[in-house]
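Enquirer: What would the 3D arrangement of this be:
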Amino acid sequence: MQETFGAKGLTVVGVTEETVEDSRTFAAQHEVNYPILAGSDAPRKAYGIDVIWGSIFYLVSPDGRIVAKGLEESQKVLKARLT
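Expert: Numbers count the residues shown, from 1 in each chain. All right, here's what the predicted structure looks like:
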């Protein structure tokens, strides 16, 4: 999504409570092309998310509101707003 919509203003940020070291390893192994906030539960708590279990995708608007949840819904919203 960063590659597809980055030039149109989208910024992808990964969020994890994993350690910074583990996150760097993951990013290197998977060629992640966006920043990852790691080692803190503060971002999750700020949005009222109880727990991160597996992978979940939230689309947050520039004003800080969650506007879509899940990859498919987020892709639809992005395509409608950025294409």
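Enquirer: hmm, who's touching the strand or helix carrying Thr4?
Expert: Under the criterion of DSSP states H and E, Thr4 resides in helix 2-5. With CB atoms under 8 Å, 6 or more residues apart in numbering as the test, helix 2-5 has contacts from Leu10, Thr11, Val12, Asn33, Tyr34, Leu78, Leu82. Where C-beta positions appear, they are placed from N, C-alpha and C, glycine not excepted.
Enquirer: quick one: contacts for the fourth one?
Expert: Applying CB under 8 Å, 6+ apart, one finds that Asn33 lies in contact with Gln2, Glu3, Val12.
Enquirer: can you pull the buried residues of the longest helix belonging to the chain?
Expert: Longest helix of the chain, by residue count under DSSP state H: helix 71-82. Residues Ser74, Gln75, Leu78 are the ones in helix 71-82 that count as buried (16 or more other CB atoms under 10 Å).
Enquirer: hang on, the second one packs against Leu10?
Expert: Just to be clear, that refers to Gln75. No. Counting by CB atoms under 8 Å, Gln75 stays clear of Leu10, with 11.1 Å between them.
Enquirer: can you list residues touching both of the two?
Expert: Met1.
Enquirer: about what we covered before: of the contacts of Asn33 - the most surrounded one?
Expert: Neighbour counts for the contacts of Asn33 (other CB atoms under 10 Å) peak at Val12, which has 16 neighbours.
Enquirer: how close does that one sit to Asp41?
Expert: 20 Å (CB to CB, to the nearest Å).
Enquirer: Lys8 now?
Expert: 31 Å.
Enquirer: How about Glu3?
Expert: 29 Å.
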